[in-house]
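> Return a 3D structure for these sequence lines:
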Amino acid sequence: MVVSATGQPGVVVSERHNVMEKVTISIAFVNEALECLRTIDPNWIELAVNAGISPELLETPQARVSARQYCMLWKLIATKMNDEFLGMDSRRMKCGSFTLLCHSVIHCDILESAMQRATRFMRIILDGTCSHLLRDGDLAYLVLEDTDEQVAVKSNAKMPPKRPFAYGTYLLMLHGLACWLIGRQIPVIRADFCCREPYFSGEWRVLFSQELHFEQPQTRIIFSAQYLGLQNIQNERTMEDFLRSAPASFLLKDKSSGGLTAQIRRRLRRLRPKEWPGFVSIARSLYLSETTLRRRLDQEGQSYRQIMSDLRRDLAIGLLGDTDKSIAEIAEHLGFAEPSAFHRAFKKWTGSRPGEYRLASQTTDLAKNARHDAIPYRRSTFL
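Sure thing, here's the model as predicted:
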């Protein structure tokens with residue numbers, strides 16, 4: 001789901017990229033996804049191992065995993081618990097619910113009718129969270145309210161906030177669905193959460209918006225109401241592809257995929273790191289002045305140096321986990337003058353050395369293969 005750097009509606013999508021390509025996920029999200037399973041299954045660690053995620057990485061705060069590993073873990077947990085919301089509501093979102101949600105909206109003509117139907121569907125499926133789509137002038141609001149119909153509340157006391165990860169997942173699910181339906185990224189102007197700021201809020205500033213606020217009266221995301229009038233361009237055939245790649249298709253975004261950061265990342269990915277242009281050259285290629293480029297990136301909470309560093313990190317994790325290239329070859333490919341410089345950078349990125357990360361991945365792969373039949377798993381819980 002890609003639009004121009006302006007992020008404005010009315011721009012036809014000309015490039016569709018695989019959301020799992022060269023994207024990494026913070027280990028914080030892995031631990032959050034496992035949270036409910038930990039309390040009910042003493043063998044929960046096996047699911048992480050079967051997804052190719054080593055127990056050592058779970059204890060490393062700076063660690064990151066590939067999008068492929070994260071989505072595999074999500075599917076394994078959902079299958080194990082028969083809950084696509086991973087135990088974060090008092091009622092299970094049974095496997096197949098998201099598929100039925102897509103079927104319920106696929107024939108809506110415009111986004112607004114589709115999202116009204118989607119929020120109504122989610123209100124029926126889950127008990128603890130109630131969602132509404134509201135419009136106020138030029139702005140649209142996707143609002144979440146805490147409820148629980150299974151609990152008799154005699155007083156008018158406000159219910160305590162849920163886990164931040166539950167709110168974020170719910171919003172990403174519906175926002176991702178909306179973006180897919182119209183075939184373009186919907187920039188989030190502001191995101192509010194009624195809970196306290198979580199330790200992984202930096203990741204949310206990438207996934208949602210730099211305008212991120214906590215301990216607010218409501219949990220909501222705000223975007224331009226212009227998008228609500230756009231046509232639904234999807235059909236039954238494209239829905240199969242969308243569901244086949246779920247949950248990546250609605251949970252993951254490639255570094256604010258509707259913004260300038262993502263546009264630069266895509267340009268850099270087409271080149272070898274040794275060929276990456278300097279700041280002046282990248283500004284010229286985008287037909288922007290250096291001052292404008294710096295200001296626009298600052299608005300997205302990024303810098304050109306940080307974009308290059310993050311992309312090198314993501315490429316390194318992919319090469320270590322998915323290829324048999326030597327560490328020296330990977331260092332050379334990523335543009336490091338010598339392997340020792342790569343070792344230092346990787347340690348700073350992830351908290352572990354390249355060899356340790358690769359060894360943990362290989363050990364996990366062996367264990368995963370040995371236990372392949374130990375945990376029931378369908379290729380996709382969303383089909």
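> In the stretch 51-200 of the chain, where is pLDDT below threshold?
Across the stretch 51-200 of the chain, the ranges flagged by pLDDT under 70 are 148-160.
> What count of nearby residues applies to residue 338?
A count of neighbours around residue 338, defined by other Cβ atoms under 10 Å, yields 10. Glycine gets a C-beta too; all of them are placed from N, C-alpha and C.
> so residue 134 sits in a strand?
Yes. Applying DSSP: H, G, I helix; E, B strand; the rest coil, one finds residue 134 inside a strand.
> so residue 88 is in which element?
For residue 88, there is no host helix or strand (DSSP states H and E).
> tell me the contacts of it?
Neighbouring residues of residue 88 by Cβ atoms under 8 Å, 6 or more residues apart in numbering: 36, 128, 162, 163, 165, 166, 169.
> roughly how far apart are it and residue 327?
Distance from residue 88 to residue 327, counting by Cβ to Cβ, to the nearest Å: 39 Å.
> Please enumerate the strands of the stretch 1-150 of the chain.
In the stretch 1-150 of the chain, the strands defined using DSSP state E, counting those that start in this stretch lie at 24-26, 64-66, 129-136, 139-146.
> Same check on the stretch 201-350 of the chain?
Shown for the stretch 201-350 of the chain, the strands assigned by DSSP E, counting those that start in this stretch span residues 212-213, 219-224.
> Strand 139-146 and the longest one, what's the angle between them?
Taking axes from the mean of the first three to the mean of the last three Cα atoms, to 10 degrees, strand 219-224 and strand 139-146 form an angle of 170 degrees between their directions.
> what's next to strand 219-224, contact-wise?
9, 138-145, 167, 171, 175, 186-195, 208-209.
> Can you check what angle separates that strand from strand 129-136?
Using the same axes, to 10 degrees: strand 219-224 against strand 129-136 is 30 degrees.
> picking that back up, buried ones among the contacts of residue 88?
Buried members of the contacts of residue 88, scored by 16 or more other Cβ atoms under 10 Å, are 36, 128, 162, 165, 166, 169.
> ok, so of those residues, who is nearest residue 349?
residue 165 (22.9 Å; Cβ to Cβ).
> surely residue 121 meets residue 101?
Yes. Residue 121 is within contact range of residue 101, at 5.2 Å (criterion: Cβ atoms under 8 Å).
> Contacts only, for residue 235.
By Cβ under 8 Å, 6+ apart, the contact set of residue 235 is residue 106.
> Show the model's pLDDT score for it.
pLDDT for residue 235: 95.
> OK, contacts around residue 51?
Residue 51 neighbours (Cβ under 8 Å, 6+ apart): 69, 70, 72, 73, 76, 368.
> Now it: closest residue in space that isn't a chain neighbour?
Nearest-residue entry for residue 51: residue 73, 3.8 Å, with adjacent residues in sequence omitted and distances by Cβ to Cβ, 6 or more residues apart in numbering.
> hmm, back to that, single out the most deeply packed of the strands of the stretch 1-150 of the chain.
Stretch with highest mean neighbour count among the strands of the stretch 1-150 of the chain: strand 64-66 (a mean of 25; mean count of other Cβ atoms under 10 Å).
> who does it touch, helix- and strand-wise?
Packing partners of strand 64-66 (3 or more Cβ pairs under 8 Å, 6 or more residues apart in numbering; DSSP states H and E): strand 24-26, helix 27-40, helix 304-322.
> May I have the second one as CSV, with CA atoms only?
Included here for helix 27-40 are C-alpha records, laid out as CSV according to Å, rounded to 0.1, in the frame of the first residue of the first chain:
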residue,chain,number,x,y,z
ILE,A,27,11.2,-8.2,20.4
ALA,A,28,8.8,-6.1,22.6
PHE,A,29,6.0,-7.0,20.2
VAL,A,30,7.0,-10.7,20.4
ASN,A,31,6.8,-10.7,24.1
GLU,A,32,3.5,-8.8,24.1
ALA,A,33,2.0,-11.3,21.6
LEU,A,34,3.0,-14.1,24.0
GLU,A,35,1.8,-12.5,27.2
CYS,A,36,-1.6,-14.2,27.5
LEU,A,37,-0.4,-17.6,26.4
ARG,A,38,2.3,-17.5,29.1
THR,A,39,-0.3,-17.5,31.8
ILE,A,40,-2.2,-20.6,30.5
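> who touches residue 92 in this structure?
Per Cβ under 8 Å, 6+ apart, neighbours of residue 92: 81, 82, 83, 85.
> and the residue nearest to the last one when sequence neighbours are not counted, how many residues sit next to it?
Going back to what we said before, that points to residue 85. Distances taken as Cβ to Cβ, 6+ apart place residue 93 nearest to residue 85, at 3.9 Å, with adjacent residues excluded. A count of nearby residues for residue 93, using other Cβ under 10 Å, gives 23.
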